[in-house]
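Undergrad: would you be able to build a 3D model of this:
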Amino acid sequence: MVLLTAAGPLAGQSSSGAWREAAQQLSQSVRDLDVTGFLDALAEVLSGEDSRSVRLAVESYARLADELCARKEWSAFHYLHQRTAAAFSRISDKSAIRELDSLRRRGRAWRARLLAIDVAALHSDLDLEACCLDALHDESPAVVRRALHYLARDRKIPVVERIVARFLALEESRGKRARSDEESSEWSRTLFAFRSALQQLLGVDLPAAIDWKNYVETRKESKDFFRPPGSSGKPGLTEITLFGAAVTGKNIVFILDVSGSMVIPDPPPADDLAQGPSGRTVVGDPRRRAMDEEMRESRRRIRRAKKELTRVVRSLPDDVRFNLIAYSSDVRPWKKLMVRATKEAKEAAAKFIEELEAEGITVTDMAIEEAFTDLDIDTIYLLTDGAPTHVGGTTDSSSLPPDARDLIEKIHGRVAELNFLRGVRIFCLGFRGAEEKFLEKLSVDHGGQYVRIR
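TA: Next up, the predicted model:
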């Protein structure tokens with residue numbers, strides 16, 4: 001059982017005797033899976049501010065982290081990692097800092113190398129950019145993905161060129177370094193992380209490393225080389241899109257909101273032109289009068305979502321695995337785990353989609369949690385028109401449900417735990433009425449993109 005509560009510094013003054021006692025407590029905490037005890041002892045061990053203290057702390061952290069992950073204690077591991085990185089960030093002794101940086105470069109435990117990257121993000125005496133560029137060549141795909149997490153914010157052309165060069169080298173050697181199906185999946189997920197990082201930096205989406213190389217080479221002298229994500233208005237060169245979002249990934253889960261508000265018909269895009277500055281319909285506009293009942297039915301959100309999702313599912317190549325999760329007041333997965341996109345599976349999925357009806361509220365948190373139970377996913381597409389709620393909406397359409405803000409905060413925290421090191425990309429697609437700030441943040445935080453459905 002993992003012991004996890006708030007941790008505080010070990011009482012008493014630092015001394016040789018206190019250090020040895022803390023070192024023993026550190027080892028015992030690892031054996032007991034006692035995260036709180038570990039963090040208490042860690043503060044005293046690191047007060048030694050020397051190479052020995054750093055090595056002991058890093059090695060002990062790696063053992064405890066390994067055990068937590070083996071037991072799938074993701075929340076405990078995430079908490080341990082964050083607090084340990086913060087503890088290391090307070091080290092001031094130069095020799096101790098050098099030892100930590102040395103362990104990043106030569107440490108045998110990949111979680112120790114990962115820890116060093118996150119410490120570099122917090123410590124002013126460590127060069128985060130250099131650490132992350134080095135880490136692009138790490139043997140662990142999780143470490144590479146963590147480096148890309150930071151480099152995706154580093155808007156420098158030389159950094160982009162280094163990312164592209166490493167992406168190209170890895171894509172050309174795809175599969176050669178993997179010794180198992182699990183490791184192959186990890187490297188496949190990492191290739192998508194390269195693509196996502198470049199998408200965040202450059203605002204376009206391209207399907208292969210060579211396309212990124214060509215794009216950078218031809219545009220690096222351009223003044224608008226770094227464009228806001230989505231500013232081009234084009235999904236890129238991929239063949240399949242979902243409401244304009246490029247459908248990529250090899251292990252995809254589509255999450256569809258089928259709450260009651262999804263029966264609402266949206267006006268056609270041209271209707272926006274028929275509205276004045278206040279948003280009211282301009283009287284007498286012929287396009288508004290021409291909108292008959294058939295058009296109104298075809299613009300119902302649930303019908304649009306089902307039609308588009310069915311088209312995408314039927315277009316999936318057979319080397320993709322996928323699943324569908326519908327949700328409203330409860331969560332209804334099509335399958336327990338993803339299945340290969342065979343002709344039979346795609347037809348069965350299309351039937352599942354066709355039978356969906358819109359009713360109930362919007363338990364978005366539960367649907368996302370369900371998606372993450374499949375450990376092989378690399379991409380999530382979430383389609384919704386509202387804010388998360390367990391109690392329903394209000395009579396004022398401009399207001400959030402009373403529990404929405406708390407749920408949104410919990411979702412962000414929970415997905416950060418669930419997706420830590422997994423690198424699952426999350427693309428959010430919102431109909432009118434969707435809580436866009438929530439969806440935008442969820443997408444940006446997890447290597448995806450937010451698309452407004454018009």
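Undergrad: strands of the protein, residue ranges please.
TA: 241-242, 245-246, 251-257, 321-327, 331-333, 339-340, 379-384, 425-430, 450-452 (DSSP state E).
Undergrad: run through who's touching the fourth one.
TA: When you say that, I think you mean strand 321-327. For strand 321-327, the external contacting residues (CB atoms under 8 Å, 6 or more residues apart in numbering) are 250-259, 309, 313, 316, 331-335, 337-341, 349, 352-353, 356, 362-364, 366-367, 370-371, 374, 376. Any C-beta I mention is one placed from the backbone N, CA and C, and that applies to glycine too.
Undergrad: again with the first one
TA: With CB under 8 Å, 6+ apart as the contact definition, strand 241-242 has outside contacts at 235, 247, 254, 308-309, 312, 381, 383, 427, 429.
Undergrad: could you do the fifth one as well?
TA: With contacts defined as CB under 8 Å, 6+ apart, strand 331-333 is touched by 323-326, 363, 366-367, 370.
Undergrad: swap in the third one?
TA: Around strand 251-257, the neighbours that count as contacts under CB under 8 Å, 6+ apart are 185, 242, 305, 309, 312-313, 316, 320-328, 338, 353, 356, 362, 364, 367-368, 371, 374, 376-386.
Undergrad: try stretch 413-421
TA: 74-75, 77-78, 81, 114, 142, 145-146, 365, 368-369, 372, 426, 442, 445-446.
Undergrad: so for that stretch, what's the average pLDDT?
TA: Mean pLDDT, stretch 413-421: 90.
Undergrad: please name the bridge partners of the spatially closest residue to residue 366 that is not a sequence neighbour.
TA: In space, and not counting its chain neighbours, residue 366 is closest to residue 331: 5.0 Å by CB to CB, 6 or more residues apart in numbering. Counting by DSSP bridges, residue 331 is bridged to residue 327.
Undergrad: ok, residue 331 to residue 74 distance?
TA: 19 Å (CB to CB, to the nearest Å).
Undergrad: give the contact list for the nearest residue to residue 69 once chain neighbours are set aside.
TA: Leaving aside its chain neighbours, residue 69 sits nearest to residue 77 (5.6 Å; criterion: CB to CB, 6+ apart). Residue 77 sits next to 65, 68-69, 420 when contact means CB under 8 Å, 6+ apart.
Undergrad: ok, and the closest non-adjacent residue to residue 87?
TA: residue 42 (5.4 Å).
Undergrad: what number of residues lie near that neighbour?
TA: Using other CB atoms under 10 Å, the number of residues around residue 42 comes to 27.
Undergrad: just checking, it touches residue 26?
TA: Yes - applying CB atoms under 8 Å, one finds residue 42 in contact with residue 26, separated by 6.5 Å.
Undergrad: anything in contact with each of the two?
TA: Counting by CB under 8 Å, 6+ apart, the shared contacts of residue 42 and residue 26 are 57, 60.
Undergrad: quick revisit: what's the closest of the strands of the chain to residue 61?
TA: strand 425-430 (27.8 Å; CB to CB).
Undergrad: so residue 56 sits against residue 23, correct?
TA: Yes - counting by CB under 8 Å, residue 23 is a contact partner of residue 56 at 6.0 Å.
Undergrad: find residues that contact each of these two.
TA: residue 45.
Undergrad: just the buried residues from the contacts of strand 331-333, in PyMOL please.
TA: Of the contacts of strand 331-333, the buried ones go into a single PyMOL selection, burial set by 16 or more other CB atoms under 10 Å:
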select buried, resi 323+324+325+326+363+366+367+370
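Undergrad: tabulate the contacts of strand 331-333 (JSON lines), appending pLDDT and distance to residue 130.
TA: Shown next, in JSON lines, are those (pLDDT from 0 to 100; distance: CB to CB, whole Å):
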{"residue": "323", "pLDDT": "97", "distance to residue 130": "40"}
{"residue": "324", "pLDDT": "98", "distance to residue 130": "43"}
{"residue": "325", "pLDDT": "98", "distance to residue 130": "41"}
{"residue": "326", "pLDDT": "98", "distance to residue 130": "46"}
{"residue": "363", "pLDDT": "96", "distance to residue 130": "44"}
{"residue": "366", "pLDDT": "97", "distance to residue 130": "42"}
{"residue": "367", "pLDDT": "97", "distance to residue 130": "40"}
{"residue": "370", "pLDDT": "95", "distance to residue 130": "40"}
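Undergrad: of the contacts of strand 331-333, which is the nearest to residue 137?
TA: residue 323 (33.8 Å).
Undergrad: now do the same contact list for the nearest residue to that closest one once chain neighbours are set aside.
TA: Among residues not flanking residue 323 along the chain, residue 338 sits closest, at 4.5 Å (CB to CB, 6+ apart). By CB under 8 Å, 6+ apart, the contact set of residue 338 is 251-253, 321-323, 374, 376-377.
Undergrad: nearest to residue 223 among these?
TA: Among the contacts of residue 338, and counting by CB to CB, the member closest to residue 223 is residue 252, at 36.2 Å.
Undergrad: gap between that closest one and residue 189?
TA: Residue 252 is 12 Å from residue 189, by CB to CB.
Undergrad: how close does residue 334 get to residue 344?
TA: 13 Å.
Undergrad: of those two, which one has the most company?
TA: Neighbour count, other CB under 10 Å: between residue 334 and residue 344, residue 334 has more, with 21 against 10.
Undergrad: and the pLDDT at that one?
TA: 97.
Undergrad: give me the spatial nearest neighbour of it, chain neighbours excluded.
TA: residue 324 is the one closest to residue 334 (CB to CB, 6+ apart), at 4.0 Å.
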